[in-house]
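>>> my questions concern the predicted model and sequence given below.
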Amino acid sequence: MTKKKRLAVLSAAVVMSAANISNAQTWFEGEAEYECSVSAKKYKSDKSVKEFKSSNPIVGKEYYKAGNIKTEMDLGFLGKITTVFNHQEQTSYSKGLFNSVETEDISEKELPQDYKIDRNIVEINGYKCIKITFYSNGEVTTIDWVDESYNIPYHEERIAEVQKGLVVRSEGSVSSSNFGFSYKRELKEIKQTEVLDSNFKL
């Protein structure tokens, strides 16, 4: 092989390598629709329990662009909640559930310490998912089924083993001495489409 040919092959290899790196860093852009059900229990001092349940499925929306994620959810009797994860700034904004706009630095968020990843593939509505279970004080708090083929930040990329993926199904619960809350959330549709930057403003 002549020097010119070797140089041409090397140049082509560099270009292809750069293209592969660029493609690997391309974030998914589009929007998704989720269906949710929520329930809450309030335990009174007389040991009676007041229970709230969403009478109809709750529809939520998510938007994805450049690693940013915006989630909008109307939780009925609990009100509306909106969260925005800004990938470039590494900040998370939230509004609703009894608070005005709050900003949180991702580096200061507590890392999920106790979790288990099950890589046995489970197919849910055509999506190939792994299962991630989170625990607190030995009890399950959240279970996510995640399709890793989607280049979307998962848990703000704070879990080293699973930094990217689409949450297809999620179940969770929180409880205290006087209050209990549980939810189920399932993906109904996702589509690749152009998303305006204005979608990520609260």
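Perfect, thanks for sending it.
>>> gap between residue 151 and residue 136?
29 Å (CB to CB, to the nearest Å). Bear in mind the C-beta positions are built from the backbone N, C-alpha and C, glycine included.
>>> correction: the previous question concerned residue 85.
22 Å.
>>> neighbour count: those two, which is higher?
Shown here are residue 85 and residue 136; by other CB atoms under 10 Å, residue 85 has more neighbours (23 against 13).
>>> name the element the more buried one belongs to?
Assigned by DSSP states H and E, residue 85 falls within strand 80-86.
>>> per-residue confidence averaged over that strand?
What strand 80-86 shows for mean pLDDT is 91.
>>> same thing with stretch 92-106?
78.
>>> between the two ends of that stretch, how far is it?
Distance between the two ends of stretch 92-106: 7 Å, counting by CA to CA, to the nearest Å.
>>> what does stretch 102-117 give?
Rule used - CA to CA; the end-to-end distance of stretch 102-117 is 30 Å.
>>> now that stretch: buried residues?
106, 115 (16 or more other CB atoms under 10 Å).
>>> ok, now stretch 180-187?
Buried, per 16+ other CB under 10 Å, within stretch 180-187: 180, 181, 183, 184, 185, 186, 187.
>>> among those, which lie within helices?
Judged by DSSP state H, helices contain none of the buried residues of stretch 180-187.
>>> show me where this structure has its helices.
According to DSSP H, the helices that the chain contains are 3-24.
>>> how far away is the one residue sitting closest to the centre of it from residue 147?
The centroid of the chain falls nearest to residue 154 when counting by CA atoms, centre = their mean (5.2 Å). Distance check for residue 154 against residue 147: by CB to CB, it reads 10 Å.
>>> give me the common contacts of those two.
Residues touching both residue 154 and residue 147 (CB atoms under 8 Å, 6 or more residues apart in numbering) are residue 165.
>>> so the nearest residue to residue 191 once chain neighbours are set aside bridges to which residues?
Using CB to CB, 6 or more residues apart in numbering and skipping the chain neighbours, the partner closest in space to residue 191 is residue 30 (5.4 Å). Beta bridges link residue 30 to residue 64, residue 192, judged by DSSP bridges.
>>> ok, residue 30 to residue 133 distance?
From residue 30 to residue 133 the distance is 27 Å (CB to CB).
>>> what of residue 27?
Residue 27 is 26 Å from residue 133, by CB to CB.
>>> check residue 106 too.
22 Å.
>>> re earlier: adding distance to residue 120 and pLDDT, write the buried residues of stretch 180-187 out as CSV.
Below are the buried residues of stretch 180-187 laid out as CSV (distance: CB to CB, whole Å; pLDDT from 0 to 100):
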residue, distance to residue 120, pLDDT
180, 30, 78
181, 29, 79
183, 24, 86
184, 21, 91
185, 22, 93
186, 20, 96
187, 20, 97
